[in-house]
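*Asks:* Structure, please.
(one chain, ligands or ions: 2)
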Amino acid sequence: MSSESPVSLWLLGSGSQGNAAAVAWGERLLLLDAGVDLPVLLARMRDADLHPWYVEEVLLSHGHRDHVLGAAAGAKAYGWRVWATLGTVWRWRALRGVDVRPFEAGAAFDAGPFRVRTAATPHDVDDSAAFVVEAGGVRIGYCTDLGHAPDAVVALLQGVDALVLESNYDEAMLRGGPYPPELQARVGGPTGHLGNAQAAEVARAVAHPGLRHLVLGHLSRHNNTPALALASMRRALEGTAFRGVVHAAPPDTVLGPLTLEPAMPEGAPAGVERGMPHVG
Ligand SMILES: [Zn+2]
Ligand SMILES: [Zn+2]
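*Replies:* Ligands and ions are numbered 1, 2, ... in the order given. A predicted model of the protein is given here:
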């Protein structure tokens, strides 16, 4: 692997039935969440042509089942090193028997060859985090399961080349949908999930010409549709510096690879294409 190896991103599941994403730099693999039952996660990885033995690091955003479910089993079977906050370890007993490296939400650390920066996210579980993973000159943001985006999260996500961003619910669908009022209040509250309008605000705050892939994630099956989420986001990004592609992550199939070349060094001649052709 050279420092020029491209970095690729796959979504392997997104939403309340299970979340996982993979980042590859050359042959080095990192998972962002592993909230899919291990056999299913392995099947998705096979679909993506990713081998579980190549996974070295797993970053867990928080302790909810849909982000953690397959992590301990994968760590036992394949020696994955799991990075989790103490709140996540505390909540998910199975993690106590595997190689867990605790981190504090807000900290930065090296997970193998990947530089990781984090920020605390407001969610209805202790100690949850958003990530930016950096390798080969490419930055990938992963920001899901938060009721609102504090300044520290918006600051963390500045300058990313690709971003997985929660866009859980359409406001009108949530209000008129099947959830009882308490659950509506929880989902839409300050420690619940980001709705389409909130995701749009975050995207506008971090939009820049180098952001090539914006993946809307954790879409609710009851309170959102991919078409609504995409339309809301594309509208919000009109007139911004965003020049990339917006995707909606499918709940239970693979999206990717989204391949990212490192940015051109400063002073590179103008007009030189910066990235690979867009996928999606
Ligand atoms: Zn979730
Ligand atoms: Zn959650």
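*Asks:* got the residues of the stretch 101-250 of the chain near ligand 2?
*Replies:* Counting by Cβ under 5 Å from the ion, the stretch 101-250 of the chain comes close to ligand 2 at Asp145. Backbone N, C-alpha and C define where each C-beta goes, glycine included.
*Asks:* Get me the contact residues on the stretch 101-250 of the chain for ligand 1.
*Replies:* So the stretch 101-250 of the chain meets ligand 1 at Asp145 (Cβ under 5 Å from the ion).
*Asks:* closest point of the stretch 101-250 of the chain to ligand 2, which residue?
*Replies:* Here the stretch 101-250 of the chain gets closest to ligand 2 at one residue, Asp145, 3.7 Å apart by Cβ to the ion.
*Asks:* where does this structure dip in pLDDT?
*Replies:* For the chain, applying pLDDT under 70 flags the ranges 1-3, 263-280.
*Asks:* which stretches of it form strands?
*Replies:* 7-13, 20-25, 28-34, 55-59, 81-84, 100-102, 108-111, 114-121, 128-135, 138-143, 162-166, 213-217, 245-248, 255-260 (DSSP state E).
*Asks:* List the buried residues in the shortest one.
*Replies:* So the one you mean is strand 100-102. Val100 (16 or more other Cβ atoms under 10 Å).
*Asks:* Now do it: distance to the chain's middle.
*Replies:* Here the centre of strand 100-102 is set off from its chain's centre by 19 Å, with Cα atoms, centre = their mean, to the nearest Å.
*Asks:* That one pairs with which strands, parallel or anti?
*Replies:* strand 81-84 (parallel) (DSSP bridges).
*Asks:* same deal with the fourth one?
*Replies:* Taking DSSP bridges as the criterion, strand 55-59 forms sheet pairs with strand 28-34 (parallel), strand 81-84 (parallel).
*Asks:* Could you say which one of those comes nearest to Arg212?
*Replies:* strand 28-34 (17.6 Å; Cβ to Cβ).
*Asks:* how about the CA coordinates for the closest one, as CSV?
*Replies:* Output of strand 28-34 as CSV, limited to C-alpha atoms (Å, rounded to 0.1, in the frame of the first residue of the first chain):
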residue,chain,number,x,y,z
ARG,A,28,-6.4,-2.1,5.4
LEU,A,29,-10.0,-2.2,6.5
LEU,A,30,-11.9,-0.4,9.2
LEU,A,31,-15.6,-0.8,10.1
LEU,A,32,-17.7,2.1,11.3
ASP,A,33,-20.3,0.4,13.5
ALA,A,34,-21.1,-3.3,13.2
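*Asks:* what angle sits between that strand and strand 114-121?
*Replies:* Counting by axes from the mean of the first three to the mean of the last three Cα atoms, to 10 degrees, strand 28-34 lies at 20 degrees to strand 114-121.
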